[in-house]
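S.K.: Generate coordinates for the sequence data below:
(chains A and B)
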Amino acid sequence: MDNIVLSVEHVHKKIGKKMIIKDVTFDVREGEIFGFLGPNGAGKTTTIRMLVDLIKPSSGTIKVYGYDVNRDQENALQYVGSIVENPEVYTYLTGWENLEHFARMQSGVEEARIQEVVDIVRLDQRIHDKVRTYSLGMRQRLGIAQALLGRPKLLILDEPTNGLDPKGIKELRLFIRKLAEEGLAVLVSSHLLSEIQLLCDRVAIISQGSILAVGEVNELVSQNADYVIWEMEPLSEGEIILSQFEGVHLVESAESVLDDSLIAGMSVNSVVTQNEEGIIPAILLRLVKAGIAVKGVNKINPTLEQLFLQMTEGENIE
Amino acid sequence: MSNILPLIQNECIKIIKKKRFYVVLLVLLVLVPIFTYAQMRSSELSRDKFNGDWRLELQQQITDNQNSLGSDRIPEEWKKYRLIFVQQLQYYLDHNVNPKEPNGVTFTREFMDNSINLFIPLLIMAIASDIVSGERTTGTIKMLLTRPVKRWKVLLSKMITMIMFVSLIIFSTFAISYLISGAFFGYVGFNIPVFTGFQISGSNVDMSAVHAVPQWEYLLMQCGLIWFVAVTVALLAFMVSVLVKSTAASIVVMMAALIAGTILTNMASAWTSAKYLFMVNLQLTNYLAGTPAPIEGMNLNFSLIVLGIWALVSVVVSFTVFTKRDILN
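M.R.: Numbers count the residues shown, from 1 in each chain, chains lettered A, B, ... in the order given. From the prediction side, this is the model:
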């Protein structure tokens, strides 16, 4: 049922003596938003550049609908629209002239289609002004218009929210959702974990040139057992009961697994455990029977950030 | 899939909208009147001195040069040049032709002659040095290469566009120079004879092959040679533009090479293998006029071949590098 649009198989890239990308493999299917998550310098942009034939892989294959991107560019890239890093367009041309320019590089893109994409990204007011006078948000929209020109099946957006204000980010999110609902495959890279979590169906986590995990966002989250914050009095007695309960794991240093903001909000009478959601009522019953005053039970769903921190064991992210 | 013509159209639009070509025209429109004025002053001066008799002026020039040949302070090489020069002047005098008759066409011929090795290449670099590196400086190369078009087609469209503009620049140089100087000296002189075919052997000039051609024909040959030189320089600048990321660096590299060529030429170098460098071979029109080559063993065919090889190598290097290179930033 899920048609594979992009398939990346065992791609390596060596620059100089350094292996920048190591054995990257993943697929992107029709109608899904695929996240590409990793810290700066993890190899996201290098990988994306290989997907659009700006860089040739040292080994491995990248195929779009079965056409090899690095050998058969004319067939493969006609299905791909992309913005690699910033939307760099010709500032000395108008928005319309830019679109005309890119339309000429592909057969079957007529003036009507240009007008269509201009309407989609809502640039019709300023489309005949020089791009020099555009704001970053408008350039971003022009970049997306350019990417959509050739009616792509796969849209590749590298760090699309860079430089956008919160309103622009929200608009972009809705826009990308809409495109995916129309059957487009979208690949979005980001170092903003919340962004990927909000937007994507599936995600690949990349660090130091290797893929750490590929999967559905929800699946990856549930692989990780939930954390629970217990606030109670007296704390020491409660801790003893918790530690004796089967299936409960006491977390020694809360700082390593929880957000700073959560820890800041925790009372001194709190302890963090890791256990399944289903046994919480039973634990609670035992605590109450032991005469411990339970003031709060707070279940924390792990964020991708925590997930990421665990996988990369503390490598810096932004 | 896609045709090359729309790509050429794209490149032309970019050059025009970037106003590169206007800069070239502007430079010509500013500089040509200055040269014209200077030429007018110098011809006024000699007219006053010799009462407008060009034969007298020519005779004086011959005598001056001959006198200097006796002097010990003049290097041998210069003497050789002057000896040849004297023989050519004498030929003009004998055939009753004024080599410096002031008119629009003669001015244009001399102007083109003097601009072949530095001025026209410089104008060409305004376009050729930017055509690839400009896209890399601004990052638009990423947009250009992620479209479903083979890289060699993108590069070929740029190369064809560049050669078109090179031709246009040469034509503009001719047209502007003729139109402006004609306003001062008159739009005449297409039919006055110019001598060509001087064979130089040692310090002697072999006059047997010398023949007169009407000036328009001479100009046509001259423009052809200038075009050849210009395309060679453009292809070299194109290669540098592919290799170097910034336009500024690309212009500096080419400028340095061209200026080095001028210096080497003027040194009339004893280093004979310098004749294989492209920059000492740029003054092709000198072979038409009969000026001795800067280095022994150079002639028109030799220079054409040397330039042709340099151009060919540039094209090969440009395409090889451009189609294989990783675009990292």
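
S.K.: Give me the secondary structure label for the residue nearest to B:Met298 when sequence neighbours are not counted.
M.R.: The spatial neighbour of B:Met298 that comes closest, neighbours along the chain excluded (C-beta to C-beta, 6 or more residues apart in numbering or on different chains), is B:Lys275 at 5.2 Å. The C-beta positions use only the backbone N, C-alpha and C, and glycine is treated the same way. The three-state assignment at B:Lys275 reads helix, by DSSP: H, G, I helix; E, B strand; the rest coil.

S.K.: which parts of the stretch 201-329 of chain B sit against chain A?
M.R.: Taking C-beta under 8 Å from any C-beta of the partner chain as the criterion, the neighbours of chain A within the stretch 201-329 of chain B are B:Lys324, B:Asp326, B:Ile327, B:Leu328.

S.K.: swap in the stretch 1-150 of chain B?
M.R.: B:1-2, B:6-7, B:9-10, B:13-14, B:17-19, B:138-140, B:142-150.

S.K.: 7 Å - rerun?
M.R.: Residues of the stretch 1-150 of chain B lying near chain A by C-beta under 7 Å from any C-beta of the partner chain: B:1-2, B:6-7, B:9-10, B:14, B:17-18, B:138-140, B:142-143, B:145-150.

S.K.: Filter those down to the buried ones, PyMOL style.
M.R.: Buried subset of the residues of the stretch 1-150 of chain B next to chain A, written as a PyMOL selection, criterion 16 or more other C-beta atoms under 10 Å in any protein chain shown:
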select buried, chain B and resi 2+6+7+9+10+14+17+18+138+139+140+142+143+145+146+147+148+149+150
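
S.K.: The residues of the stretch 1-150 of chain B next to chain A in helices, which ones?
M.R.: With helices taken from DSSP state H, the overlap with those comprises B:Pro6, B:Leu7, B:Gln9, B:Asn10, B:Lys14, B:Lys17, B:Thr138, B:Lys142, B:Met143, B:Leu145.

S.K.: Let's have these in CSV, adding pLDDT.
M.R.: Listed next are those as CSV, based on pLDDT from 0 to 100:
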residue, pLDDT
B:Pro6, 94
B:Leu7, 95
B:Gln9, 95
B:Asn10, 95
B:Lys14, 95
B:Lys17, 93
B:Thr138, 90
B:Lys142, 91
B:Met143, 90
B:Leu145, 92
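
S.K.: dump the residue contacts of B:Met254.
M.R.: Residues touching B:Met254, when contacts are defined by C-beta atoms under 7 Å, 6 or more residues apart in numbering or on different chains, comprise B:Met125, B:Ser129, B:Leu236, B:Ala237, B:Val240.

S.K.: Assign residue 97 to helix, strand or coil.
M.R.: Assuming you mean chain A. Three-state call for A:Glu97 (three-state DSSP): helix.

S.K.: What segments of the stretch 101-250 of chain A are strands?
M.R.: The residue ranges that make up the strands of the stretch 101-250 of chain A, judged by DSSP state E, counting those that start in this stretch, are A:154-158, A:185-190, A:202-207, A:210-216, A:227-233, A:249-250.

S.K.: For chain B, find the nearest of those strands.
M.R.: In terms of C-beta to the nearest C-beta, the element of the strands of the stretch 101-250 of chain A nearest to chain B is strand A:154-158, at 8.6 Å.

S.K.: ok and the closest one relative to strand A:185-190, angle-wise?
M.R.: Counting by axes from the mean of the first three to the mean of the last three C-alpha atoms, to 10 degrees, strand A:154-158 points 10 degrees away from the direction of strand A:185-190.

S.K.: Can you name the residues in contact with strand A:154-158?
M.R.: A:5-6, A:28, A:45, A:48, A:51-52, A:64, A:79-85, A:147, A:179, A:184-189.

S.K.: Walk me through which strands that strand pairs with, and which way each runs.
M.R.: As defined by DSSP bridges, the strand partners of strand A:154-158 come to strand A:80-83 (parallel), strand A:185-190 (parallel).

S.K.: could I have the longest one exported to PDB, CA atoms only?
M.R.: What that stands for is strand A:185-190. As requested, C-alpha coordinates have been extracted for strand A:185-190 and formatted as PDB (Å, rounded to 0.1, in the frame of the first residue of the first chain):
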ATOM      1  CA  ALA A 185       6.400  12.600   0.300                       C
ATOM      2  CA  VAL A 186       8.100  15.200   2.300                       C
ATOM      3  CA  LEU A 187      11.600  14.900   3.800                       C
ATOM      4  CA  VAL A 188      12.300  17.500   6.500                       C
ATOM      5  CA  SER A 189      15.600  17.900   8.300                       C
ATOM      6  CA  SER A 190      16.000  19.700  11.500                       C
END
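
S.K.: and that strand, average pLDDT?
M.R.: Along strand A:185-190, the predicted confidence averages to a pLDDT of 92.

S.K.: need the contact list for the residue nearest to the spatial centre of chain B.
M.R.: The centre of chain B sits closest to B:Ile116, judged by C-alpha atoms, centre = their mean, with a distance of 1.6 Å. Contacts here follow C-beta under 7 Å, 6+ apart; on that basis B:Ile116 touches B:Ile226, B:Val229, B:Leu282, B:Gln283, B:Leu284, B:Thr285.

S.K.: Redo the residues you listed as TSV? Include neighbour count, secondary structure and pLDDT.
M.R.: Rendered in TSV, the data for the contacts of B:Ile116 read as follows (neighbours: other C-beta atoms under 10 Å in any protein chain shown; DSSP: H, G, I helix; E, B strand; the rest coil; pLDDT from 0 to 100):
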residue	neighbour count	secondary structure	pLDDT
B:Ile226	23	helix	95
B:Val229	25	helix	95
B:Leu282	27	coil	90
B:Gln283	23	coil	88
B:Leu284	21	coil	89
B:Thr285	24	helix	88
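
S.K.: Point out where the chain drops to low pLDDT.
M.R.: As the question left the chain open, I've gone with chain A. Counting by pLDDT under 70, the low-confidence segments of chain A come to A:1-2, A:221-225, A:253-261, A:301-310, A:312-318.

S.K.: nope, chain B please
M.R.: Low-confidence segments of chain B, defined by pLDDT under 70: B:1-2, B:202, B:268-269, B:329.

S.K.: hey, where'd the helices end up in it?
M.R.: Taking DSSP H as the test, the helices found in chain B are B:4-17, B:20-50, B:54-69, B:76-94, B:104-115, B:119-128, B:133-138, B:141-145, B:151-185, B:215-243, B:247-266, B:285-289, B:300-324.

S.K.: The stretch 1-150 of chain A too?
M.R.: If DSSP state H, counting those that start in this stretch is used as the criterion, the helices of the stretch 1-150 of chain A fall at A:44-51, A:73-76, A:95-103, A:111-120, A:136-148.

S.K.: Reformat these as CSV; add mean neighbour count.
M.R.: Formatted as CSV, the entries for these read as follows, by neighbours: other C-beta atoms under 10 Å in any protein chain shown:
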stretch, mean neighbour count
helix A:44-51, 24
helix A:73-76, 20
helix A:95-103, 23
helix A:111-120, 15
helix A:136-148, 22
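
S.K.: Start and end of stretch A:201-218, how far apart?
M.R.: Here the two ends of stretch A:201-218 are set 8 Å apart, with distance taken as C-alpha to C-alpha, to the nearest Å.

S.K.: That one and chain B, are they touching?
M.R.: No - interface with chain B: stretch A:201-218 contributes nothing (C-beta under 7 Å from any C-beta), its closest point being 14.8 Å away.

S.K.: Now do the buried residues in that stretch.
M.R.: Neighbour counts using 16+ other C-beta under 10 Å place A:202-209, A:211-214, A:217 of stretch A:201-218 among the buried residues.

S.K.: Go through these and name the one nearest A:Ser58.
M.R.: Proximity of the buried residues of stretch A:201-218 to A:Ser58, judged by C-beta to C-beta, is greatest for A:Gly209, which lies at 11.8 Å.

S.K.: Now the residue nearest to the closest one when sequence neighbours are not counted: phi and psi?
M.R.: Leaving aside its chain neighbours, A:Gly209 sits nearest to A:Gly43 (4.3 Å; criterion: C-beta to C-beta, 6+ apart). Geometry field for A:Gly43 lists phi and psi as phi 110, psi 10, criterion degrees, to the nearest 10.
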